[in-house]
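Visitor: any chance you could fold what I've pasted below:
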Amino acid sequence: MGEIQVLTGQLQIVPALIGGFMLIVGLCSMVTKERLYLSETLLATVYGIIVGPHVLNWMDPEGWSSNSLQLTQEFSRYALAIEVMIAGVCLPKRYVAKEWVSLSMLLLPIMSIMWLVSAAVVKFIFQTSYLHALAIGACVAPTDPVLANAILKGMFAESHVPLRLRNILTAESGANDGLGYPFLFFALYLMRFSAGQAIGTWVYATWVYQILLSVVIGSVAGYVARKSLRYAENAGWVDKESFLSSSITLALLLVGVCTLLGTDDILCCFAAGNSLTWDDWFRIEIEDTGLQETLNIMLSTSFFIYFGAIMPWQDFTSANMLHPWRVAVAIILVMLFRRLPVIMLAYKLIPAVRTWQDALFAGWFGPIGVSAVFYAVETIKQIDEHPDIRAGRVGDIVFPIICALVFGSVILHGITIPLVLMGKRMGTSLAWTQSYRMSFRTWSRRTRTEPNENLQKPDDLETPDPEAICAQ
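Guide: Residues are numbered from 1 along each chain as shown. Okay, here's the model as predicted:
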């Protein structure tokens with residue numbers, strides 16, 4: 001008789017943990033998302049922490065690979081590539097050309113200020129040099145498309161956030177992820193070369209080769225894919241399943257090509273997504289299929305479970321000045337000052353952001369997420385590959401600091417909408433109660449001082465006649 005073999009390795013446990021979580025959350029998704037307004041990313045991060053090595057120890061990504069940082073970077077790379085492709089495809093016809101003023105403001109001056117403010121917080125709290133702070137601040141300068149998509153989709157966003165604002169925030173989060181490279185390499189080159197050589201290398205290696213070339217590759221690839229798909233559909237060559245998955249397969253292709261060329265794969269995928277749906281044909285064809293939303297949920301949930309499990313809690317000690325109180329203060333300062341003040345001050349220069357309410361929403365909901373993790377690992381990779389980079393302790397502190405900021409963003413942005421709605425409900429309840437009490441008091445005073453006109457005499461009783469009584 002054969003023996004029953006029970007396998008309890010990570011290869012068997014992890015799919016069960018992730019699949020079980022997705023199934024349970026999916027069964028009550030209407031309650032969590034449309035009533036409690038809790039995003040999957042928040043729940044997934046908390047779940048990852050619980051099943052991770054620091055609590056239950058059911059899932060330990062450190063043991064999956066001999067180079068866990070490379071695994072983290074590749075996971076975040078492909079998650080970002082697919083998310084920015086989806087962001088590009090979801091935008092309306094010729095959107096980037098129509099909203100170039102708003103996008104230029106968000107991607108150039110405002111993103112630069114976000115970088116400098118974040119760097120200032122890092123320098124002030126963790127006592128680093130200016131260049132080291134600029135390198136760490138560059139990781140959190142982009143807004144994250146994964147978390148942004150969780151905020152900009154669903155009943156609350158559709159009911160309370162104008163479509164023009166959702167579109168511009170989607171476009172910003174897709175485009176600025178790839179534009180994190182110039183900010184990061186500006187600091188890294190200054191650590192490695194003299195000022196003149198650093199600026200020259202930064203211009204041709206980063207702006208020309210990485211940024212400009214990736215935009216050209218992505219635009220051409222998206223154009224060719226759009227024409228090919230249209231021809232294949234008209235000729236009856238492509239089935240529905242292959243047609244719907246074409247944007248995802250294009251993203252995977254571009255990641256591979258750009259990685260081989262050493263150019264910006266994230267920005268390339270966003271440019272390809274825009275080019276693919278430039279005439280709105282592809283977006284309309286896939287609009288009601290739900291494929292992209294399903295893929296987004298699976299990607300974001302899987303990544304943030306992984307992120308919760310790899311949180312470096314052991315690094316938040318007095319070593320390298322990463323005291324828990326410093327980390328907490330840095331989270332609060334970055335969340336408050338990285339984006340909100342500059343958006344509130346400059347929103348009149350952004351045509352897509354029309355009111356101060358729009359600016360308040362856009363300023364607060366600029367989340368830090370997958371892209372920050374990607375750039376943190378890229379920073380460590382560059383430091384390891386180039387020993388001549390005078391990085392000091394950046395390689396030791398960048399990943400814990402970025403993970404803490406991502407965790408803070410997930411928590412704070414994840415609970416903002418529930419807290420706002422709770423405050424509205426409490427305010428409405430208090431206003432109703434106060435109105436009811438005032439009405440009751442007014443009614444009570446009136447019943448004591450005014451005759452009750454509603455009291456009627458009984459019909460069967462007649463008032464006696466005084467003259468008749470006297471005659472008797």
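
Visitor: pLDDT weak spots in the protein?
Guide: Along the chain, segments meeting pLDDT under 70 span 1-8, 424-472.

Visitor: which residue lies nearest the spatial centre of it?
Guide: A centroid search over the chain (C-alpha atoms, centre = their mean) returns Leu147, at 1.9 Å, as the residue closest to the centre.

Visitor: leaving out sequence neighbours, find the closest residue to it.
Guide: Nearest residue to Leu147 in three dimensions, chain neighbours excluded: Pro367, at 3.7 Å (C-beta to C-beta, 6 or more residues apart in numbering). All C-beta spots, glycine's among them, are computed from the backbone N, C-alpha and C.

Visitor: ok, now Ser302?
Guide: Nearest non-adjacent residue to Ser302, counting by C-beta to C-beta, 6+ apart: Ile18, 5.9 Å away.

Visitor: doesn't Ile305 make contact with the one you found?
Guide: Yes - between Ile18 and Ile305 there is a contact at 5.8 Å, judged by C-beta atoms under 8 Å.

Visitor: one step back: how many neighbours does the residue nearest to Leu147 have?
Guide: If you count neighbours by other C-beta atoms under 10 Å, Pro367 ends up with 28.

Visitor: quick one on the thing from earlier: more neighbours: which of Ile18 and Ile305?
Guide: For Ile18 versus Ile305, the count of surrounding residues by other C-beta under 10 Å is larger for Ile305: 28 against 20.

Visitor: what sits against the residue nearest to that one when sequence neighbours are not counted?
Guide: Spatial nearest neighbour of Ile305, excluding adjacent residues (C-beta to C-beta, 6+ apart): Gly48 at 4.1 Å. Residues in contact with Gly48 (C-beta atoms under 8 Å, 6 or more residues apart in numbering) are 59, 304-309, 311.

Visitor: restricted to helices, list the residues you listed.
Guide: Within those, residues falling in helices by DSSP state H are 304-309.

Visitor: rewinding a little: export the contacts of Gly48 to a markdown table and tack on distance to Ile199?
Guide: Below are the contacts of Gly48 laid out as a markdown table (distance: C-beta to C-beta, whole Å):
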| residue | distance to Ile199 |
| --- | --- |
| Met59 | 45 |
| Phe304 | 38 |
| Ile305 | 42 |
| Tyr306 | 38 |
| Phe307 | 35 |
| Gly308 | 40 |
| Ala309 | 41 |
| Met311 | 37 |
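
Visitor: biggest separation within the residues you listed, which pair?
Guide: Met59 and Phe304 (12.9 Å; C-beta to C-beta).

Visitor: more neighbours: which of these two?
Guide: Set side by side, Met59 and Phe304 show more neighbours around Phe304, with 28 against 25, by other C-beta under 10 Å.

Visitor: I'd like to know how far that one sits from Ile380.
Guide: As defined by C-beta to C-beta, to the nearest Å, Phe304 lies at a distance of 21 Å from Ile380.

Visitor: and what of Trp64?
Guide: Trp64 sits 18 Å away from Ile380 when distances are taken as C-beta to C-beta.

Visitor: only the buried residues of stretch 246-259, if you could.
Guide: 246-248, 250-251, 254-255, 258 (16 or more other C-beta atoms under 10 Å).

Visitor: ugh, typo on my part, it should be stretch 360-379
Guide: Of the residues in stretch 360-379, those buried (16+ other C-beta under 10 Å) are 361-379.

Visitor: cool, and stretch 283-301?
Guide: Buried residues in stretch 283-301 (16+ other C-beta under 10 Å): 283, 285-286, 292, 295-297, 299-301.

Visitor: again with stretch 108-123
Guide: By neighbour count with 16+ other C-beta under 10 Å, stretch 108-123 contains the buried residues 110-111, 113-123.

Visitor: which one of these is nearest to Phe185?
Guide: Trp115 (12.3 Å).

Visitor: pretty sure that closest one is touching Ala133, no?
Guide: No - if you go by C-beta under 8 Å, Trp115 and Ala133 don't touch, sitting 10.2 Å apart.

Visitor: export the buried residues of stretch 108-123 to TSV and tack on secondary structure and distance to Leu152?
Guide: Below are the buried residues of stretch 108-123 laid out as TSV (DSSP: H, G, I helix; E, B strand; the rest coil; distance: C-beta to C-beta, whole Å):
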residue	secondary structure	distance to Leu152
Ile110	helix	18
Met111	helix	18
Ile113	helix	22
Met114	helix	19
Trp115	helix	23
Leu116	helix	26
Val117	helix	23
Ser118	helix	22
Ala119	helix	27
Ala120	helix	28
Val121	helix	26
Val122	helix	28
Lys123	helix	32
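
Visitor: now do the same contact list for Thr355.
Guide: Tyr347.

Visitor: the same query, at a cut-off of 10 Å, please.
Guide: 162, 165, 347-348, 361 (C-beta atoms under 10 Å, 6 or more residues apart in numbering).

Visitor: now these: which count as buried?
Guide: Neighbour-count burial (16+ other C-beta under 10 Å) is assigned, among these, to 162, 165, 347, 361.

Visitor: need the max-distance pair from the buried residues of stretch 283-301.
Guide: The largest separation in the buried residues of stretch 283-301, counting by C-beta to C-beta, is between Glu285 and Thr301 at 26.4 Å.

Visitor: state the distance from Lys381 to Val398.
Guide: With C-beta to C-beta as the criterion, Lys381 and Val398 are 11 Å apart.

Visitor: what of Ala346?
Guide: 29 Å.

Visitor: between these two, which one's more packed in?
Guide: Val398 (25 against 17).

Visitor: any idea which element the more buried one lies in?
Guide: Assigned by DSSP states H and E, Val398 belongs to helix 394-449.

Visitor: helices - which of the buried residues of stretch 360-379 land there?
Guide: Residues of the buried residues of stretch 360-379 located in helices (DSSP H): 361-364, 370-379.

Visitor: for those, which one is nearest Arg77?
Guide: Phe374 (6.1 Å).

Visitor: can you tell me the closest non-neighbouring residue to that closest one?
Guide: The nearest residue in space to Phe374 (C-beta to C-beta, 6+ apart) is Ser76, at 4.1 Å.

Visitor: picking up where we left off before, so after the strand or helix carrying the residue nearest to Ile305, what's the next helix or strand?
Guide: Assessed by DSSP H and E, Gly48 sits inside helix 40-51. Sequence-wise, the next helix or strand downstream of helix 40-51 (DSSP H and E) is helix 68-90.

Visitor: just give the nearest non-adjacent residue to Ala221, would you?
Guide: In space, and not counting its chain neighbours, Ala221 is closest to Ala272: 4.9 Å by C-beta to C-beta, 6+ apart.

Visitor: revised request: answer the last question for Met344.
Guide: With sequence-adjacent residues excluded and distances taken as C-beta to C-beta, 6+ apart, Met344 is closest to Ala359, at 5.1 Å.
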